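[1] Please find the sequence and the predicted model below.
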Amino acid sequence: MRLFAQYYNTMFTQSLGDDLILTRLSQTCQPGDQFLDLCCGSGRVLTFPLDHGVKAVGVDKDAEMLAEARHFLPARFDGRYQLLQRDALDLDFEGQFRVVTCVSHCMSFFRGAETIQRLLERVYRSMVAGGLFFIESYVPGKPENGYYRKLTFHVDGGDLTCTLQVSEESDPSDGSVVKVFTYDLEKDDRLEKEVYRVGEVFLTPIIEMAKQIGFQVEGVYGDSNATVPFDGTSETQSLLLKKM
């Protein structure tokens, strides 16, 4: 298994700490409600609804990340969650979820207006009336080109070193800016590289598309916990939508 998949939860849980918005969204669910996490990776987000007794579904295209999720989620959650290997753009649920999330900046993987429109339509169809959809992404232009971070984590009796560098390139298809996140990971004698190319997410067009589909905007925030109003100094941005 790739180091990135195997230790994703360790790296990001220790970096982010408690996520207040995921706790609040889980608490909005009533008995019988369900929670859907898009691009669920290795299952970190799913622990929040499951800890609150809410049934949860995780969707991701990466088989190794889903395998780690099965290993990561405690046995006490067995029978209350489902992991599906599929593209979020191919959701085929109908009126099932009280809460849908796409966090850890995963909205940046959906590039182009047509792609985002399709995602919003599929999510809307999958939700119950009054359901909530929470989106998180970086503010366009941030982190800045040249961003560098190096962290060391104590795992399995050894150390895992993760170096992140952020650069930019132009998409030859339309000239748009693409952020390139390059992770260099080292553990014992293993050296691995993980590279993600993601688009810049502008909330204004997403909000307009969401309104046309039938969503209501519940809030636009400048942090992943939906506690700080969005302003020009924010590095992250998040959006809470409600199905009317």
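    Nice, I can see it.
[2] right, and the helix or strand after the helix-or-strand element of the chain with minimal mean pLDDT?
    Across the helices and strands of the chain, the lowest-confidence element by mean pLDDT, DSSP states H and E is helix 8-16, at a mean of 73. Downstream of helix 8-16, the first helix or strand assigned by DSSP states H and E is helix 20-27.
[3] pLDDT wise, what is the residue nearest the centre of the chain at?
    With distances taken as C-alpha atoms, centre = their mean, Val103 lies nearest the centre of the chain, 2.7 Å away. Predicted confidence (pLDDT) for Val103: 92.
[4] Ok, the one 3 residues further on next?
    Predicted confidence (pLDDT) for Cys106: 92.
[5] how is this structure carved up into domains?
    Segmentation of the chain into domains, based on automatic domain parsing, reads 3-139+201-243, 148-199.
[6] separation between the most far-flung residue of the chain relative to its centre and Ser224?
    Computed with C-alpha atoms, centre = their mean, the residue of the chain farthest from its C-alpha average is Asp189, at 30.4 Å. According to C-beta to C-beta, to the nearest Å, Asp189 stands 35 Å off from Ser224. Bear in mind the C-beta positions are built from the backbone N, C-alpha and C, glycine included.
[7] if I pick Thr13, what's in contact with it?
    Contact analysis of Thr13 by C-beta atoms under 8 Å, 6 or more residues apart in numbering lists Arg44.
[8] so how far is Arg44 from it?
    Per C-beta to C-beta, Thr13 is found 6 Å from Arg44.
[9] Val178 now?
    From Val178 to Arg44 the distance is 25 Å (C-beta to C-beta).
[10] Show me the strands in this structure, by range?
    With strands called from DSSP state E, the chain shows them at 34-38, 55-60, 81-85, 97-102, 127-138, 148-155, 158-170, 177-187, 190-199, 215-221, 236-243.
[11] Dump those to a markdown table, plus mean neighbour count.
    Below are the strands of the chain laid out as a markdown table (neighbours: other C-beta atoms under 10 Å):
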| stretch | mean neighbour count |
| --- | --- |
| strand 34-38 | 27 |
| strand 55-60 | 23 |
| strand 81-85 | 17 |
| strand 97-102 | 26 |
| strand 127-138 | 21 |
| strand 148-155 | 12 |
| strand 158-170 | 14 |
| strand 177-187 | 17 |
| strand 190-199 | 14 |
| strand 215-221 | 17 |
| strand 236-243 | 22 |
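[12] Could you dump the ones you listed into JSON lines with distance to Asp19 added?
    Conversion of these to JSON lines gives the following (distance: least, C-beta to C-beta, whole Å):
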{"stretch": "strand 34-38", "distance to Asp19": "12"}
{"stretch": "strand 55-60", "distance to Asp19": "14"}
{"stretch": "strand 81-85", "distance to Asp19": "18"}
{"stretch": "strand 97-102", "distance to Asp19": "10"}
{"stretch": "strand 127-138", "distance to Asp19": "10"}
{"stretch": "strand 148-155", "distance to Asp19": "19"}
{"stretch": "strand 158-170", "distance to Asp19": "20"}
{"stretch": "strand 177-187", "distance to Asp19": "20"}
{"stretch": "strand 190-199", "distance to Asp19": "20"}
{"stretch": "strand 215-221", "distance to Asp19": "13"}
{"stretch": "strand 236-243", "distance to Asp19": "11"}
